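Peer 1: missing the sequence, but the structure's below:
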């Protein structure tokens, strides 16, 4: 019986024939099937209706919440802010800038921190009203009535107050620079620490009289009328914007009466 010997080369050829070729495998591989879903028009329309209904429902809920809210919506926002009355609820902070308030009546009202810049206040009645911290620069208040009003700490720069009635009004620390108070009624008015032009103060001192019923301060004293010891550099009620001449000073730095330049009455 003859034995057949197999060489290593023949075994390698035999094994290679048994292994499947990668290229041949690719040729005989079944193509992968892709799953493509097609939605019917009825299902697509159903989903669109779901989105529409959910959006409408959310809009309706928001609208109902706005209507049931105690705070008014956009149309009434300004009205709501006006009712709150000012920043942090302090004062009015009302806006009357350049407003025409001629011959209007506002007695016993709160105008704290309000803005009256360049407002027309001719012949208006603001008696017993509160103007603390208000802005009234360049306003025209010819013959306006401020009897008993609180005008303390207000900015009244370049204001027209001709023949205005300031009887018993409080103008403590008020800025009245370059304002015209010609013919103003100031009986019982308190000008303590108010900033008034020197020429204007001198004109008011010619007829100032009375005592303020609220502060108990005499009008002439609040204006510094007849003060022979007036500071030569001025005071809040009669500022001197430039340094006084040396001949005006005494050894203590006050106005020297012998100079003839003091505002003595």
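Peer 2: That came through fine. Bear in mind the structure is a predicted one, so any value in this text is a computation, not a measurement.
Peer 1: what count of nearby residues applies to residue 178?
Peer 2: Number of residues near residue 178 (other C-beta atoms under 10 Å) recorded here: 14. Backbone N, C-alpha and C define where each C-beta goes, glycine included.
Peer 1: how about residue 150?
Peer 2: Neighbour count for residue 150, taken as other C-beta under 10 Å: 22.
Peer 1: tell me how many other residues crowd residue 216.
Peer 2: 8.
Peer 1: ok, residue 129 - contacts?
Peer 2: The contact partners of residue 129, by C-beta atoms under 8 Å, 6 or more residues apart in numbering, come to 106, 107, 108, 109, 110, 111, 146, 149, 150.
Peer 1: ok, those residues vs residue 206, which is closest?
Peer 2: residue 146 (20.5 Å; C-beta to C-beta).
Peer 1: re the thing from before, in PyMOL, select just the buried ones from the contacts of residue 129.
Peer 2: PyMOL command restricting those to the buried ones, with burial defined by 16 or more other C-beta atoms under 10 Å:
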select buried, resi 106+109+110+111+146+149+150
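Peer 1: reformat the contacts of residue 129 as a markdown table; add pLDDT.
Peer 2: Output for the contacts of residue 129, formatted as a markdown table (pLDDT from 0 to 100):
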| residue | pLDDT |
| --- | --- |
| 106 | 95 |
| 107 | 96 |
| 108 | 96 |
| 109 | 94 |
| 110 | 93 |
| 111 | 93 |
| 146 | 98 |
| 149 | 97 |
| 150 | 96 |
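Peer 1: now for the contacts of residue 129: which two are most distant?
Peer 2: 110 and 146 (14.7 Å).
Peer 1: can you report how many residues neighbour the closest residue to residue 177 other than its chain neighbours?
Peer 2: Distances taken as C-beta to C-beta, 6 or more residues apart in numbering place residue 157 nearest to residue 177, at 5.2 Å, with adjacent residues excluded. Other residues within reach of residue 157, judged by other C-beta under 10 Å, total 18.
Peer 1: with residue 148 instead?
Peer 2: Residue 148 has 21 nearby residues by other C-beta under 10 Å.
Peer 1: mind listing what the closest residue to it other than its chain neighbours touches?
Peer 2: Spatial nearest neighbour of residue 148, chain neighbours left out: residue 128 (4.4 Å); criterion: C-beta to C-beta, 6+ apart. When contacts are counted by C-beta under 8 Å, 6+ apart, residue 128 touches 107, 108, 147, 148, 149.
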